[in-house]
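**Q** Fold the following and give me the result.
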Amino acid sequence: MDDDYTSLRKHIEKIVQLTDEEFAFVSKHFNFEKFKKKETLFTGGDPVKYVYFVLSGLLKLFYTDKEAKEHIVSFAMEDWWETDFQAYYTESNALLTLECLEDTRVLRLSLEDFEKLCNGLQKMERFFLKKSIAGHIGSERRILSFLTLGAKDRYEQLLAKSPSLMQRIPKSLLASYLGVSRETLSRLIS
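**A** Next up, the predicted model:
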């Protein structure tokens with residue numbers, strides 16, 4: 001369990017440095033949880049109580065449309081944060097579903113603890129601001145890639161950005177994330 005919190009500290013300290021006392025304050029706001037492959041952390045329509053820091057494993061965040069088709073919003077692996085951010089911050093029900101693609105270990109943070117953490121330690125407010133900005137930039141890039149790039153370029157962009165992730169995602173999910181058919185993906189890869 002201590003290794004889990006060491007991972008969190010290393011992650012935070014890529015942005016802000018913490019004393020041992022500050023990290024003790026930070027760590028008491030997080031709770032450890034394990035999930036099995038195919039288990040959901042929340043489903044569309046559920047309240048979203050936590051943001052998750054991924055210690056190990058792989059998650060898929062997706063939207064299910066009226067025809068029951070899944071639209072993958074993102075994947076999250078080690079050292080990534082994931083939730084339905086709109087539902088989390090507005091304390092509303094999820095539009096999205098978060099599911100494990102592998103057995104997954106996380107540290108979770110409630111909105112109440114998030115606010116206590118930011119109010120109690122300005123460094124953490126700065127940390128979360130930097131992470132939010134990076135996430136916003138990533139979302140803009142993904143939207144722009146759908147508006148301006150072809151399927152092959154989107155595939156190559158993802159391969160360059162996250163090569164280790166690409167090896168962990170089944171081809172059917174990769175195709176869905178890229179917005180192409182499985183057949184089109186097979187042509188892109190070969």
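
**Q** Can you check what pLDDT the model gives the nearest residue to Tyr5 once chain neighbours are set aside?
**A** The shortest distance from Tyr5 to any non-neighbouring residue, by C-beta to C-beta, 6 or more residues apart in numbering, is to Ser27 (5.0 Å). The C-beta positions use only the backbone N, C-alpha and C, and glycine is treated the same way. Note on Ser27: pLDDT of 96.

**Q** Over to Leu173?
**A** For Leu173, the model assigns a pLDDT of 88.

**Q** next one: Met1
**A** Met1 is assigned a predicted lDDT (pLDDT) of 52.

**Q** Kindly report the same for Phe75.
**A** In this model, Phe75 carries a pLDDT of 94.

**Q** following the strand or helix carrying it, which helix or strand shows up next?
**A** Take DSSP states H and E as the rule and Phe75 turns out to sit in strand 70-76. Downstream of strand 70-76, the next assigned helix or strand under DSSP H and E is strand 81-82.

**Q** any idea how far Glu183 is from the residue minimising distance to the centre of the chain?
**A** Nearest to the mean C-alpha position of the chain, counting by C-alpha atoms, centre = their mean, stands Glu82 at 2.9 Å. Here Glu82 is placed at a distance of 29 Å from Glu183 (C-beta to C-beta, to the nearest Å).
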